[in-house]
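**Student:** Okay, here's the prediction I keep looking at, along with the sequence it came from:
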Amino acid sequence: MSTKLITKEGFEALKNELDYLWREKRPDVTQKVTWAASLGDRSENADYQYNKKLLREIDRRVRYLRKRLEDMRVVEFSPEQEGRVFFGAWVEVENEGGEVKRFRIVGYDEIYGRNDYISIDSPMARALLKKEVGDEAFVQTPQGVMEWWVNKIEYLK
């Protein structure tokens, strides 16, 4: 398996999720499963069945997070990146229609639940890499090639 890139903030978020699931959520659900099992007939015990299913989902997510965190490489800001678009950059772009978008280029594991993050593997991010303010980027979309201009580039330091 290849190494995956992630920002420091994204790595910490995944570590916190793993810690929460393993140290708080799983023991709580395990206790509920034990209590429900002590009531007797498990085949018609909704508490037992629901919490057992929840425990399997937690275990699956814990295994996934442990494996992912081993294969990740945290990308820190480097002064050489200043003024150009690289991994971790907040970028503001504008098209010829005046539509402005602002987003951060991050790793695949960080984009879920965030409308202002895009994956480094997305067509937009690939088109913007190494661009400077004022440069134009041509992005292949299902509607055809779109032209975007870079307005602003910022990094969390």
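**Tutor:** Received the coordinates, thanks.
**Student:** Partner strands of the host helix or strand of Trp149 and their direction?
**Tutor:** Assigned by DSSP states H and E, Trp149 falls within strand 144-154. Applying DSSP bridges, strand 144-154 is found paired with strand 90-95 (antiparallel), strand 136-141 (antiparallel).
**Student:** most tightly surrounded among those?
**Tutor:** strand 90-95 (a mean of 18; mean count of other C-beta atoms under 10 Å). Every residue, glycine included, has its C-beta placed from N, CA and C.
**Student:** after that strand comes which helix or strand?
**Tutor:** Taking DSSP H and E, what comes next after strand 90-95 is strand 100-106.
**Student:** From the contact counts, what lies against that following strand?
**Tutor:** With contacts taken as 3 or more C-beta pairs under 8 Å, 6 or more residues apart in numbering; DSSP states H and E, strand 100-106 sits against strand 90-95, strand 117-119, helix 123-128, strand 144-154.
**Student:** In the chain, where is pLDDT below threshold?
**Tutor:** 1-3 (pLDDT under 70).
**Student:** nearest spatial neighbour of the most centrally placed residue in the chain, skipping sequence neighbours?
**Tutor:** Closest residue to the average C-alpha location of the chain: Glu110 at 1.1 Å, with C-alpha atoms, centre = their mean. Nearest non-adjacent residue to Glu110, counting by C-beta to C-beta, 6 or more residues apart in numbering: Gly10, 3.8 Å away.
**Student:** In terms of helices and strands, where is that neighbour?
**Tutor:** Here Gly10 is assigned to helix 8-20, by DSSP H and E.
**Student:** buried sites along that helix?
**Tutor:** 10-11, 14, 18 (16 or more other C-beta atoms under 10 Å).
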